[in-house]
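1. using only what follows, build the 3D model:
(one chain, ligands or ions: 2)
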Amino acid sequence: MSATQYVSLSTESSSAFPMAARGPLSHKLMTVLADRPETTPVDPGLSEAVGAALAAADSVVYDDDVQLSLFVLYGLHYGSFAGISPEWEWQPALIGARLELERAFEAELRSTVAVPALPEPTGKAVAKTLAEITAADAGPSLSRFVAKKATAEQLGEFLMQRSVYTLREADPHSWAIPRLTGRAKAALVEIQADEYGGGRPARMHAEIFATTMRSFGLDAEYGRYVDDVPAITLASLNVMSMFGLNRRLLGAIVGHLAAFEMTSSIPNGMYANGFRRLGYGTDVTAYFDEHVAADAVHEQIAAHDLAGALGEDQPHLVADIVFGAAACLAVDGWAGAHILDAWTAGTSSLRSER
Ligand SMILES: [Fe+2]
Ligand SMILES: [Fe+2]
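-> Ligands and ions are numbered 1, 2, ... in the order given. Predicted coordinates for the structure are as follows:
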């Protein structure tokens, strides 16, 4: 069945979501969730629908139905969908569905993401390994394309692709705060305090990005562009949510944040230049300019005080710190490659089924 058919199906059954379903599983979930939990029995066919979706997916990472389903299920924890009852959050059948999808998602990442030789469990060695893998992450550069060649239309696509995570920037990594102790916890809070504006709501990075979107002429309402982005863009947020919401993956969410911060400062300078090249002002570029300076600091805290300290204090987490960092680079690399491939082929990076 084509995705187009589900577009119409879901608009009929569920206007509670800002996006359409992409297959049988996401359609089923969105239909169930649009109801009130107290009037809806636990769906007996959900587990079978999860199994069928996983069996139908060639790649979990790239599968639209699976990634949208995960996005919907994580949205229950973030409160992403205003019309959906919060009572669904801990519904056992939904948690079971999420765990089953996560098992497959994690297994695929563990089998496809290349992980380097593990460092000794010292702060210095962990930070050095992270510096090596982030420095080696020199794939085809989306940021260079944005700086030198992107058209205004492509810059709009870029903001739409980014909005799925960035309008909720920092939230997935914050799940780790109560799961950490000691110096790693202090380091994460130091980074996140900055991400959340240091007490000034207008300085929250997600809010600065919302201003960028509005100034560019886009809608900054959360979820507005989910229909436009491919599964791999959803996967780059879902991987953070999976790492953040599972305490057993604490090392992975810390490694993810470290890699994210360590590969942010230079690309953000290029993104800012791309927007300036086409005449956009600081109302649009402020978000990117902010990250040139902020992430040059965050990357040091993340590599040494957060990931390094955690590896030293809890040596059994070193393997997952490195895995989380490698997974961040891999998934964000795939998402970036999708955009760059489309643009260099002269097509849109947005979904065409709409
Ligand atoms: Fe930020
Ligand atoms: Fe940052």
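
2. domain ranges for the chain?
-> Domains of the chain are assigned by automatic domain parsing as 3-112, 123-344.

3. for ligand 1, which of those is the nearest?
-> When these are compared by C-beta to the ion, domain 123-344 sits nearest ligand 1, at 3.6 Å. Bear in mind the C-beta positions are built from the backbone N, C-alpha and C, glycine included.

4. quick one: mean pLDDT over that closest one.
-> In this model, domain 123-344 has a mean pLDDT of 97.

5. and ligand 1, is that domain touching that?
-> Yes: interface with ligand 1: domain 123-344 contributes Glu195, His205 (C-beta under 5 Å from the ion).

6. ignoring the adjacent residues along the chain, who's closest to the residue positioned nearest the centre of the chain?
-> Among the residues of the chain, Leu237 comes closest to the average C-alpha position under C-alpha atoms, centre = their mean, at 1.6 Å. Nearest residue to Leu237, sequence neighbours excluded (C-beta to C-beta, 6 or more residues apart in numbering): Tyr165, at 4.6 Å.

7. and the one you found, what element?
-> Secondary structure from DSSP states H and E places Tyr165 in helix 152-166.

8. what comes up buried for that helix?
-> Buried residues in helix 152-166, counted by 16 or more other C-beta atoms under 10 Å: 154-166.

9. and ligand 2, is that helix touching that?
-> No: under the criterion of C-beta under 5 Å from the ion, helix 152-166 makes no contact with ligand 2; the nearest approach is 11.2 Å.

10. off-centre distance for the next helix or strand after that helix?
-> For helix 152-166, the following helix or strand on the C-terminal side (DSSP H and E) is helix 171-174. Chain-centre distance of helix 171-174: 10 Å, with C-alpha atoms, centre = their mean, to the nearest Å.

11. show me what helix 171-174 is packed against.
-> helix 182-195, helix 231-245, helix 250-262 (3 or more C-beta pairs under 8 Å, 6 or more residues apart in numbering; DSSP states H and E).

12. between the buried residues of helix 152-166, which is closest to Ala345?
-> Nearest to Ala345 among those: Gln154, at 12.4 Å, using C-beta to C-beta.

13. verify the stated contact: that closest one with Leu340.
-> No: in this structure Gln154 lies outside contact range of Leu340 using C-beta atoms under 8 Å: 10.2 Å.

14. separation between Leu218 and ligand 2?
-> 22 Å (C-beta to the ion, to the nearest Å).

15. mind listing what that residue touches?
-> Leu218 makes contacts with Gly156, Leu159, Met160, Ser163, Arg224, Tyr225, as judged by C-beta atoms under 8 Å, 6 or more residues apart in numbering.

16. settle this for me: the fourth one is touching Phe216, isn't it.
-> No: in this structure Ser163 lies outside contact range of Phe216 using C-beta under 8 Å: 10.7 Å.

17. next, the residue in the chain that ligand 2 sits nearest to: phi, psi?
-> With C-beta to the ion, the shortest gap between the chain and ligand 2 falls at His298, namely 3.9 Å. With angles defined as degrees, to the nearest 10, His298 sits at phi -60, psi -40.

18. neighbours of Arg276, how many?
-> For Arg276, the neighbour count with other C-beta atoms under 10 Å is 16.

19. give me the spatial nearest neighbour of Lys128, chain neighbours excluded.
-> Lys128's closest residue in space is Pro119 (C-beta to C-beta, 6+ apart), at 6.6 Å.

20. I'd say the one you found and Ile133 touch.
-> No: using C-beta under 8 Å as the test, Pro119 is too far from Ile133 to be in contact (10.5 Å).

21. now for the two: what residues contact both?
-> Val322.

22. check which helix or strand covers Ala125.
-> Using DSSP H and E, Ala125 falls in helix 123-135.

23. what comes up buried for that helix?
-> Neighbour count says helix 123-135 has Gly123, Ala125, Val126, Ala127, Thr129, Leu130, Ile133, Thr134 buried, by 16+ other C-beta under 10 Å.

24. what's in contact with the helix or strand following it?
-> Using DSSP H and E, the helix or strand that follows helix 123-135 in sequence is helix 142-148. Contact with helix 142-148 is made by 154-155, 158, 266-268, 270-271, 273-274, 277, 336-337, 339-340, 343-344, as judged by C-beta under 8 Å, 6+ apart.
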